[in-house]
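1. pasting the structure only:
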């Protein structure tokens, strides 16, 4: 088993293959702060890459064997294929070469209390809520986020080794390598089916994850999620549940209301029977679940209720999570990271309730495999939109697959009665949106590729019209 002691510097020079990802860059920043020499490669430049350069990281654009210059340890992202020449060269050196997941699991053991947030949806939001609460408490936590939080001016904070707050993504079974003291499982859904065989395979992986924990650990989960109930018999240590209007849950949200913008308020009955009122600064019923996970995790780790309450009220979200970028002709332009059918549906449902005129969704499908495997589910997530525009598929780590195209989704949606159209390129989508938007419309771009780029184009280029 790979071990990593943050303070002993057994590995002084660490190289990252795929350093530009949000999680990889966060690990790199942590190591730089701790005095390690760091280098890394990625396919292209980005704001994250430039930030790492400014921190003193030696960056290589393009992944080539020449980039490997006698490091003591190599960490690679799961997006790197096994035939990558830089990865092959690293393995030929005889030094440890580990995936990001394996490294993060080893890193967790350096902290007295590690809090890991997993689940198919909501990880980044719940993690950032927890992070904001810790930032304004007397707990000096180390934080690794999967998105940028304005209070951090980024996605990383290097604090003490008392607390580590991090996302725990299940992609490629990475959670099997994690050993947190506080486990949070938000939900379990069919996703990453390019790796998992089916939902049962995903559930088995979560069970294996829970079996790693010891009797002193805490597992926190949503009792309203049916798939979560299937893993409860694998919990070690203490199980704490939460739910909406669920008397069987240890923490139960009742008296749920929404203001005119769709921001929820609720009373949370704690497991000791006390009741506490909370107001959220973000919209949507699903954010009540994220907030409950944050409340339980921080309260059970010693943060007082008033600190939790005030920080949830002033929490306005992560970058690219229902983020308002500006206005064009009186229409609001937003962007979101949602890329799974369930995520897209709850976001559009929440927005539709409070949109005065048309709700226009621009969706960039992410990966050929996800688009194909969840095809039928995608047909059922756009009902709340008045118009759906679908751009070309963002391939990410995958090679071109001619058996699936955005036009296939559009054709199926049109047959279902959805007002959908295919516009492959961002520039063309921008010009079309300029033609159709009116006052009080809401335009949201969604996907985990780069649809935020289109949203910025719509706002930034309006003066050129």
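-> Ah, there it is. Predicted model, so just to flag it, every value in this text is computed and none were measured.

2. can you list the domains in this protein?
-> Using automatic domain parsing, the domain parsing of the chain gives 13-99, 109-313, 323-464.

3. quick check: mean pLDDT across stretch 290-309?
-> Across stretch 290-309, the average pLDDT comes to 98.

4. give me the residues contacting that stretch.
-> The contact list for stretch 290-309 (CB atoms under 8 Å, 6 or more residues apart in numbering) reads 113, 115, 117, 122, 125-126, 129-130, 133-134, 136-137, 139, 163, 182, 184, 186, 218, 220, 222, 240, 242-244, 250-251, 253, 264, 268, 270, 276-280, 312. No exception for glycine: its C-beta is placed from N, CA and C like everyone else's.

5. one step back: to residue 5, which of the domains of the chain lies closest?
-> Residue 5 sits nearest to domain 109-313 of all the domains of the chain, at 6.8 Å, using CB to CB.

6. quickly note the distance from the residue nearest the centre of the chain to residue 23.
-> For the chain, residue 124 is the residue whose C-alpha lies nearest the centre (CA atoms, centre = their mean; 3.9 Å). Distance, residue 124 to residue 23, using CB to CB, to the nearest Å: 10 Å.

7. which residues do these two both contact?
-> Counting by CB under 8 Å, 6+ apart, the shared contacts of residue 124 and residue 23 are 146, 167.

8. follow-up on the earlier one: how about CSV for the domains of the chain, with distance to residue 7 added?
-> Shown next, in CSV, are the domains of the chain (distance: least, CB to CB, whole Å):
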stretch, distance to residue 7
domain 13-99, 8
domain 109-313, 8
domain 323-464, 34
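
9. out of those, flag the one nearest residue 1.
-> Shortest distance between residue 1 and the domains of the chain, using CB to CB, is found for domain 109-313: 9.0 Å.

10. end-to-end on that closest one?
-> One end of domain 109-313 to the other measures 32 Å (CA to CA, to the nearest Å).

11. renumber starting at 325 from here on
-> Okay, residue one is now 325; in that scheme the one you just asked about reads as domain 433-637.

12. thinking again about what came up before, so the residue nearest to the centre of the chain sits right up against residue 646, yeah?
-> No. The pair residue 448 / residue 646 is not scored as a contact, 11.8 Å apart, by CB atoms under 8 Å.

13. so what strands line up beside the host helix or strand of residue 592?
-> According to DSSP states H and E, residue 592 maps onto strand 588-593. Strand 588-593 sits in its sheet next to strand 575-582 (antiparallel), strand 599-603 (antiparallel), going by DSSP bridges.

14. so for the last one, what's the average pLDDT?
-> In this case it means strand 599-603. Mean predicted confidence for strand 599-603 is 98.

15. and whichever helix or strand comes after it with strand 588-593, angle?
-> Moving toward the C-terminus from strand 599-603, the next helix or strand (DSSP H and E) is helix 610-623. Here the directions of helix 610-623 and strand 588-593 differ by 40 degrees (axes from the mean of the first three to the mean of the last three CA atoms, to 10 degrees).

16. name the residues of the next helix or strand after helix 610-623 that are buried.
-> Using DSSP H and E, the helix or strand that directly follows helix 610-623 along the chain is helix 629-637. Residues of helix 629-637 classed as buried: 629, 631-633, 635-636 (neighbour count, 16 or more other CB atoms under 10 Å).

17. what's the spacing between helix 629-637 and its chain's center?
-> The chain centre lies 22 Å from the centre of helix 629-637; the measure is CA atoms, centre = their mean, to the nearest Å.

18. following element in sequence after it, please.
-> Of the helices and strands lying after helix 629-637 in sequence (DSSP H and E), the nearest is strand 647-652.

19. mind giving me the PyMOL select for the contacts of stretch 614-633, buried ones only?
-> Buried residues within those, by 16+ other CB under 10 Å, are selected in PyMOL with:
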select buried, resi 437+439+441+446+449+450+453+454+457+458+461+463+487+506+508+510+542+544+546+564+566+567+568+574+575+577+588+592+594+600+602+603+604+636
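
20. tell me the pLDDT at residue 668?
-> Looking at residue 668, its pLDDT is 92.

21. show me where the stretch 475-624 of the chain has strands.
-> In the stretch 475-624 of the chain, the strands defined using DSSP state E, counting those that start in this stretch lie at 478-481, 487-491, 506-509, 542-546, 562-568, 575-582, 588-593, 599-603.

22. what would these look like in JSON lines with distance to residue 369?
-> Below are the strands of the stretch 475-624 of the chain laid out as JSON lines (distance: least, CB to CB, whole Å):
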{"stretch": "strand 478-481", "distance to residue 369": "18"}
{"stretch": "strand 487-491", "distance to residue 369": "25"}
{"stretch": "strand 506-509", "distance to residue 369": "34"}
{"stretch": "strand 542-546", "distance to residue 369": "39"}
{"stretch": "strand 562-568", "distance to residue 369": "42"}
{"stretch": "strand 575-582", "distance to residue 369": "42"}
{"stretch": "strand 588-593", "distance to residue 369": "40"}
{"stretch": "strand 599-603", "distance to residue 369": "41"}
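
23. out of those, which gets nearest to residue 723?
-> In terms of CB to CB, the element of these nearest to residue 723 is strand 487-491, at 27.2 Å.

24. tell me which residues of the closest one are tucked away?
-> By neighbour count with 16+ other CB under 10 Å, strand 487-491 contains the buried residues 487-491.

25. before we move on, what about stretch 382-392?
-> For stretch 382-392, a neighbour-count test (16+ other CB under 10 Å) marks 383-384, 387, 391-392 as buried.

26. do the same with stretch 729-742
-> Residues of stretch 729-742 classed as buried by neighbour count (16+ other CB under 10 Å): 729-730, 733-734, 737, 742.

27. among those, which one sits closest to residue 688?
-> Residue 688 lies nearest to residue 730 out of those, by CB to CB, at 8.7 Å.

28. please report how far the closest one lies from residue 388.
-> 33 Å.

29. reformat the strands paired with strand 588-593 as a markdown table; add distance to residue 363.
-> Below are the strands paired with strand 588-593 laid out as a markdown table (distance: least, CB to CB, whole Å):
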| stretch | distance to residue 363 |
| --- | --- |
| strand 575-582 | 45 |
| strand 599-603 | 45 |
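
30. just checking, what packs against the helix or strand where residue 735 lies?
-> Using DSSP H and E, residue 735 sits in helix 730-739. On a contact count with 3 or more CB pairs under 8 Å, 6 or more residues apart in numbering; DSSP states H and E, helix 730-739 meets helix 699-702, strand 711-714, strand 744-746.
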